[in-house]
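In: Predicted model and sequence below, questions to follow.
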Amino acid sequence: MDMHMPGGRPSFHLRHRRTASALLTQENAIPNVRKTGIRHSFLGDLYHQMLAMRWTTFIAFMAGIYLALNLFFGTAYFILAPGGISNITGNRAAGDFFFSVQTLSTVGYGTASPIGWVANSIMTVEEFSGMMFTAVATGLVFARFSRPTAWVRFSRDVVMWEEHGMKRLALRIGNLRSTALIDVTAVIVLARTVTDPSGKKGLEVENLMLEHAHVPLLNICLPIIHDVTPESPLYGLTMKDLQAQDAEFIVTLSATDEVSAQTVFACHTYKPGSLRDGYVFKDILRPGPGGHIVADFRLFDMLVPVEEAKAAKTQKARATILPDSDQDARDFNAGAELARESLEPTQLEAPQAGTPSTVHPEALPSERSGQDSTSSDLSHPEAEA
């Protein structure tokens, strides 16, 4: 499937023209769309290429340029100024090369120096090239280190479950830094191929309405939920429909870093194979020692069936409302002990002569026929005293 720029000709022209055909298959990228008709060269967007490449590739690329410069100027000394470097003994080619290294890096040990106007002219050009190379390399390294990044984690899967007769789709994003992200905005886009009535295929991109699209603060974890209502692009679609349309969920996150006060971005894509129906995410929060709450990110990608989650939620609600059974027993025994202590003086004290005895009614034996002392004790435990 091809995407062509509207209006035909691109808005930029470069000296080295070639047609680029790059298939984007990265996990954290836009959908797998093949771009054609774009004229560009590697040098035309060199700064962006140097920032986007991996650190290992960047270091290897800069080392290659450094080595190439020294080989170029060392060859120039060897060919254009033979014998133009003093104190070179042994292999003259190697000596010219290492003199170029000292000149390009502005080391200058003082053991070798250029002789004659040709060697000094080459040295002058190399010194200027060395200063420019050092400045560019320093700027690129600083730009790569200072570039703000959002150290966040996207859930491995997208879950979908039914609640109150409506399907809900959710994923979650975790903040892996100890500092918070401020003014967080999340967007989910559904990208898929559709066929128009004429049979022509095209790319359709639609936004999904979210429950928590914007939050002021993200400290631990943020659930992103979309309700599959009749207005949703997902309404009525099955897993087979999404796979047939080569659908992808593109999730973008933008926020402000609390420390650097710079805007950070993150992006992730999900294929239909990442969709799990009938599951919800396991809660990563649990009570810790000293009354603290612990966020266990080892459970970040863990899923539980929705029925199991509902049962656990119901059980937790009951445990919150009703006292523990052991506590009930302790409270009952404490009440019985207090009752015994209040009855002991009345039951054990002998009545004085001429004074009517006062006995607690519950301490009197039962007068109902067929009721023995055992049944009386079970019905009134405090009468054991």
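Out: Thanks, I have it. Numbers count the residues shown, from 1 in each chain.

In: from here on, contacts and neighbour counts on C-alpha atoms
Out: OK.

In: Quick check: the nearest residue to residue 287 once chain neighbours are set aside vs residue 220, distance?
Out: Spatial nearest neighbour of residue 287, chain neighbours left out: residue 293 (4.7 Å); criterion: C-alpha to C-alpha, 6 or more residues apart in numbering. Using C-alpha to C-alpha, to the nearest Å, residue 293 is found at 11 Å from residue 220.

In: Contact partners for residue 85?
Out: For residue 85, the contacting residues are 77, 96, 112-115, 119, by C-alpha atoms under 8 Å, 6 or more residues apart in numbering.

In: Compare residue 293 and residue 220 (neighbour count), which wins?
Out: Taking other C-alpha atoms under 10 Å, residue 293 and residue 220 do not tie; residue 220 has more neighbours (19 against 11).

In: I'd like to know how far the more buried one sits from residue 169.
Out: 20 Å.

In: any low-confidence regions in the stretch 251-385 of the chain?
Out: Along the stretch 251-385 of the chain, the parts satisfying pLDDT under 70 run over 316-385.

In: Specify the next element, helix or strand, located C-terminal of the host helix or strand of residue 171.
Out: Assessed by DSSP states H and E, residue 171 sits inside strand 166-175. Following strand 166-175 in sequence order, the next helix or strand is strand 181-195 (DSSP H and E).

In: Show me the contact partners of that following strand.
Out: Contacts of strand 181-195 (C-alpha under 8 Å, 6+ apart): 31, 175, 201-210, 212-219, 224, 233, 242, 245-258.

In: Now do the lengthiest helix in the chain, average pLDDT.
Out: When the chain is parsed with DSSP state H, its longest helix is helix 116-146. Here helix 116-146 scores 93 as its mean pLDDT.

In: in it, what counts as buried?
Out: Neighbour-count burial for helix 116-146 flags 118-120, 122-123, 126-127, 129-130, 133, 140 (criterion: 16 or more other C-alpha atoms under 10 Å).

In: so how far is the strand holding residue 171 off the chain centroid?
Out: Mean C-alpha position of strand 166-175 versus that of the full chain (C-alpha atoms, centre = their mean, to the nearest Å) differs by 13 Å.

In: which SSE is residue 311 in?
Out: Per DSSP H and E: helix 306-321 holds residue 311.

In: How about residue 36?
Out: If you go by DSSP H and E, residue 36 is part of strand 34-39.

In: Over to residue 205?
Out: strand 201-207.

In: Tell me the strands beside whatever helix or strand comes next after that strand, with direction?
Out: Using DSSP H and E, the next helix or strand after strand 201-207 towards the C-terminus is strand 214-218. As defined by DSSP bridges, the strand partners of strand 214-218 come to strand 181-195 (antiparallel).

In: For the partner strand, buried residues please.
Out: For strand 181-195, a neighbour-count test (16+ other C-alpha under 10 Å) marks 181-194 as buried.

In: rewinding a little: relative to residue 308, which of the contacts of residue 85 is nearest.
Out: Nearest to residue 308 out of those is residue 96 (C-alpha to C-alpha; 75.4 Å).

In: And that closest one, how close does it get to residue 64?
Out: 19 Å.

In: if you count what's nearby, which of the two comes out ahead?
Out: Higher neighbour count among residue 96 and residue 64: residue 96, with 27 against 11, using other C-alpha under 10 Å.
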